[in-house]
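Student: Fold the following for me, if possible:
(one chain, ligands or ions: 1)
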Amino acid sequence: MAYLGNPTRTMAVLEKHGFRFQKKFGQNFLVDANILEKIVDAAKITKDDLVLEIGPGIGNLTQYLCESARKVIAVEIDPHLIPILADTLSAYDNVDVRQQDILKTDIAGLVEKENGGKPIKIVANLPYYITTPVLMSILENRVPLLSATVMVQKEAADRMQAGPGGKDYGALSLAIRYYTRPEIICEVPPSCFLPRPKVSSTVIRLNRCEEPPVEVLNKEQMFRIIRASFNQRRKTLVNGLHNAGIFSLSKEEIAEIVGGLYPPSVRGETLSLEEFAELSNVFSARLAKTKREK
Ligand code: SAM
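Tutor: Below is the predicted model of the structure:
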């Protein structure tokens, strides 16, 4: 069968259907068969797998996924692409294309309904503008997941792997570290896409951790603390937590708790996952004590 993953065939499909790229949807189609094969190999897809593809475009990657997986669910926001996908994927009876915004999709519910709650694999050449929200939502909403093999901007891959202190370090780095073991698969130059993006991309596989690397009493609270610290990066951790209003504690009480562990002027961006977990656990103990005393 003739795969779409080269510039000539992709152009032919786009012309046949009179398709116009929409910049707002981050549409850069992958037209390099080598990279498409690398992504599918890295995802280690078998005929047992249900694969969720985010943003199939005209189906360049979807064709490969359909060849390897038991079933592929492909969620695409752009209605103009739906009739094109019906054409390019007509040879496959194991694909279910849905016109939907992935940010408004209940992915955990979809896994429950379509795979009896058994973990799935996610594969995507992600639209750059939703990389962080979509990954955070998948990780934080307990989507049953074996792995996510995703193409992202090189800068996003750097943010995912960043450690404390640097400008790339943030809530995404900590969520990736808490929930997954990331592995870089390859770097991809702009010449592999149509149209060409301005920046390089990276394929990264996020393997779901069986056990998180730190013990935390209230994971949701730890991530609220993390978000509050990075929403106001230039502020001290005490000010960031106080301004975010996530605890019903006075600024002095917050300062006392933070100061019991770290220097009072500490910024959140210097703390490791282990330190955020420790801080969150101290807040949990303090809140539990206050509740008992009431
Ligand atoms: N998978 C195709 C490929 O590799 O050639 C296309 C990848 S392109 C980088 C991103 C795709 O995601 C586009 O088809 C775009 O329309 C779609 N998309 C953008 N935002 C989306 C959203 N919120 N939900 C679902 N799909 C989205």
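Student: for Asp78, what are its contacts?
Tutor: Going by CB atoms under 8 Å, 6 or more residues apart in numbering, Asp78 touches 22, 25, 27, 99. (Each C-beta comes from the backbone N, C-alpha and C, glycine too.)
Student: Any chance of the backbone angles for it?
Tutor: phi -80, psi 110 (degrees, to the nearest 10).
Student: do the same with the one 4 residues further on
Tutor: When read as degrees, to the nearest 10, the backbone of Ile82 gives phi -60, psi -50.
Student: element containing Val282, please.
Tutor: For Val282, the element it lies in under DSSP states H and E is helix 273-293.
Student: Could you give the separation of that helix from the chain centroid?
Tutor: 28 Å (CA atoms, centre = their mean, to the nearest Å).
Student: Give the buried residues for it.
Tutor: 273, 275-281, 283, 286-287 (16 or more other CB atoms under 10 Å).
Student: List the residues that contact the closest residue to the ligand within the stretch 1-150 of the chain.
Tutor: Nearest to the ligand, among the residues of the stretch 1-150 of the chain, is Gly55, at 2.0 Å (CB to the nearest ligand atom). For Gly55, the contact set (CB under 8 Å, 6+ apart) comprises 25-26, 75-77, 102, 124-127.
Student: Around the ligand, which positions in this protein sit nearby?
Tutor: Proximity of the chain to the ligand, by CB under 6 Å from any ligand atom, involves residues 25-30, 54-57, 60-61, 75-78, 81, 101-103, 125, 127, 130.
Student: Please flag which of these sit within strands.
Tutor: Counted as lying in strands by DSSP state E, out of these, are 29-30, 54, 75-76, 125.
Student: Report the buried members of the residues you listed.
Tutor: By 16+ other CB under 10 Å, those give 29-30, 54, 75-76, 125 as buried.
Student: Take those residues and write them to JSON lines, including pLDDT.
Tutor: Formatted as JSON lines, these follow (pLDDT from 0 to 100):
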{"residue": "Phe29", "pLDDT": "97"}
{"residue": "Leu30", "pLDDT": "97"}
{"residue": "Ile54", "pLDDT": "98"}
{"residue": "Val75", "pLDDT": "98"}
{"residue": "Glu76", "pLDDT": "98"}
{"residue": "Asn125", "pLDDT": "98"}
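Student: Show me which of the residues you listed is closest to Pro195.
Tutor: Phe29 (8.3 Å; CB to CB).
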